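> Requesting a structural model of the entry that follows:
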Amino acid sequence: MTESPANPLLAIETVSGRFYQRDDQPVWPVRNAREREALERMVSTLGGTVEYVSRADEERLSGPELVVGLGAAAHDHAQLYAHLTRRNCVEIERIEELSKVPRVAVVVTTFAHVNERLLDLLYDQNPMTIAPGLIFSYADEDLPLQVLARSAALHCRHASFQHRRIDVNPIIDFGVEMSPEYSFVGGQAEPAEFREALSCTAGVLTLYTHSDGIDAYLRKDLVLCPIESANSSEHLPPSCVQSGICHRCSRPISEVLGTDVLLAPEMVKAHVFIYCVCWGLYPPQGVHSPAFSLSRRFLQSFTIGALLTSWEINIQNLPVTARLFHDVARGLPLGEALALHLSSEEARSSHHKLCLIGDPSMRLSQSNIQDPLGGIQAFKKPPGPSQRCMAGLGLLRLMVHHYAKPGDAAKPGDAAKPGDAASSILATIAEYETMLIAGSRYDPVVTAGFRRAMVEYLVSQDTMLSKSWSRFAGETRVLPGRSPCPICGRRTIARVSSLRLPDAASRRETMCPSCGSIEDSPSDCRMWMTVELDRWIRLHGELPGSDWHARITIERFFTREPYGWEWPAASAGEPLRSFQVPEPWPAVPFRLSVIMVFGDSEFSVLGCLYRGPHQNPQGA
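Numbering: from 1, shown residues only. Okay, the predicted model is just below:
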């Protein structure tokens, strides 16, 4: 999007510390090449121009808002910042005096004063209508550069950019979607797509990721990092310098320095950069030197108009910051947008505090864009898995370990059971279990994959699963009544076994003297099958309405080679009640089974030892 450019920023080259204006507008004094470079880089990055004038009037401008100079070393710089932003200025010596100053708009100070006491005093207030800005530099000699650049960023128009808002969130398993109004870059993006998103000078750029204050994770092979050498004379260097290992990439640091794996912080360009990480402003003090702070390089690059970030450990939660992202993108002044965030119940209850390095009056051009994360503030994690579900997953895991035990099923003629099958299904169970417990989003692909893989694995092991789970049974009782077998008509016996897994569902197994195990299900689930002469199999009882996967298996004796078909679903998603096996029966006898995994972690086995049509009660 493009709009007419703002009036050029006026600057004058001087060696004095005086204040200049022309036509009631401030003129930026430039005393040396470093100040000129910093000013021009900031203004040109944000789409503006600098016009140097040879003459200007010496006169200080002021206004109702207050700039506070904290500490004697910052007083002259605070006066200049107040002049360039048309504010008044007061000077104090100690942090505690700030509480007595009303309507503080901006604090200009040296790094020696930038600590938790100052930041808590500025940003841990409730209620808050306008959050103040903070202007400082990590090196005292660079404070004039910050004063010139941050005040210049306020002057720029903030209406001309290719992308109004870009969210970079490597934590989310997504690719890239780019558009002029809103773009998203997720963890599946290519390195080139990360580079483009970070460097295209978006109106508001958000980076939501892991950081220890020294680097920022993008991908396993891509890191924003300020480290330029494996050697350092600084006190308290980061662990990568001490160990010689890049812990993000798990490689020697000598192998990644100077490569495309490490992105220089100077590549990040944005009108407003919301750096939403655990540690933002500097690394944990007393653990690492602030000389290695990633945000230090962000501020010294002069390619970021304003920076919003944390100054101590922040627990990230996207719904908490979604409104802040949108308020900045739609053109609210930064001080007002940050105050709304800091005063919100969500931010206060989670102690999610951010500071503003820049001017609180800075804003993007106003827009009525829709909030792309509008629904996420109402997002609640789904309920955690039930104790029964977790016990069921524990039982399945135990059964896999049982089947994978070397020699457990080593019988003459048995096919080999490779260990990688057990490893694969255990990984599938773990992925499904992690999804349930994390609760970030329900993934139907993961869920369906778990049920399918579980059925396939169980079918490949043994169609009488009670041989495995009975090892973990506790008390077993026989149920009263002897109902006829639905396959052959003979009298059956049913027994219920509790399991020695806390909160696991007890299991009911029904045995026929001719057909063997004909039902093996959770005790509160009743289902059975019948087999008819023309290869029809019919299911009866309490079938699941959805969330299931089942397979018919024919297990031929002597060869022990199972084969079969997936049980089909009806149009509404429930299992069909009837299915005709599409191939002739093999030579009898054989084991015929339907194994079903359903719900969160339940399974049932319906089966019989099929001896031919004479055993069917309907054909007798």
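
> Okay, helices next: where are they in the stretch 101-250 of the chain?
For the stretch 101-250 of the chain, the helices defined by DSSP state H, counting those that start in this stretch cover 116-123, 143-155, 191-199, 239-243.

> Can you read off the pLDDT for Cys246?
pLDDT, Cys246: 87.

> beta partners of it?
Note on Cys246: beta-bridge partners by DSSP bridges are Arg251.

> what's the closest of the helices of the stretch 101-250 of the chain to His540?
Comparison of the helices of the stretch 101-250 of the chain against His540 by CB to CB identifies helix 191-199 as nearest, at 54.4 Å. Any C-beta I mention is one placed from the backbone N, CA and C, and that applies to glycine too.

> Buried residues, that closest one. List them.
193-199 (16 or more other CB atoms under 10 Å).

> picking that back up, would you reformat the helices of the stretch 101-250 of the chain as TSV and include distance to Thr45?
Formatted as TSV, the helices of the stretch 101-250 of the chain follow (distance: least, CB to CB, whole Å):
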stretch	distance to Thr45
helix 116-123	26
helix 143-155	9
helix 191-199	10
helix 239-243	29
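
> Out of these, indicate the one that is most buried.
Ranked by mean neighbour count, the helices of the stretch 101-250 of the chain are led by helix 143-155 with a mean of 25 (mean count of other CB atoms under 10 Å).

> So which elements touch it?
strand 25-30, helix 33-45, helix 75-84, strand 133-135, strand 304-309 (3 or more CB pairs under 8 Å, 6 or more residues apart in numbering; DSSP states H and E).

> Show me what it is in contact with.
With contact meaning CB atoms under 8 Å, 6 or more residues apart in numbering, helix 143-155 is reached by 6, 9, 26, 28, 30-31, 34-35, 38-39, 41-43, 46, 48, 73-74, 77, 80-81, 84-85, 108, 110, 133, 135-137, 271, 299, 302, 305-306, 357-359, 361-362.

> most residues in a single helix of this structure, which one?
helix 419-438 (DSSP state H).

> who's in contact with it?
Contacts for helix 419-438 (CB under 8 Å, 6+ apart): 384-385, 389-390, 393, 396-397, 400-401, 403-404, 441-443, 446-447, 449-450, 453-454, 457, 460, 600.

> Low-confidence regions, this structure specifically.
For the chain, applying pLDDT under 70 flags the ranges 1-6, 377-380, 405-419, 440-441, 557-561, 613-620.

> Show me how it divides into domains.
When the chain is parsed with automatic domain parsing, its domains come out as 165-357, 387-615.

> so which of these gets nearest Arg117?
That would be domain 165-357 among those, by CB to CB, at 11.1 Å.

> Need the distance between the two termini of the closest one.
19 Å (CA to CA, to the nearest Å).

> and if you look at stretch 286-299?
22 Å.

> same check, this time on stretch 548-565
15 Å.

> Quick test: name the residue nearest the centre of the chain.
Of all residues in the chain, the one closest to the mean position by CA atoms, centre = their mean is Ile171, 3.3 Å from it.

> Surely that residue and Tyr208 touch.
Yes. Using CB atoms under 8 Å, Ile171 makes contact with Tyr208 at a distance of 6.6 Å.

> contacting residues around Asn314?
Asn314 neighbours (CB under 8 Å, 6+ apart): 276-280, 351-354.
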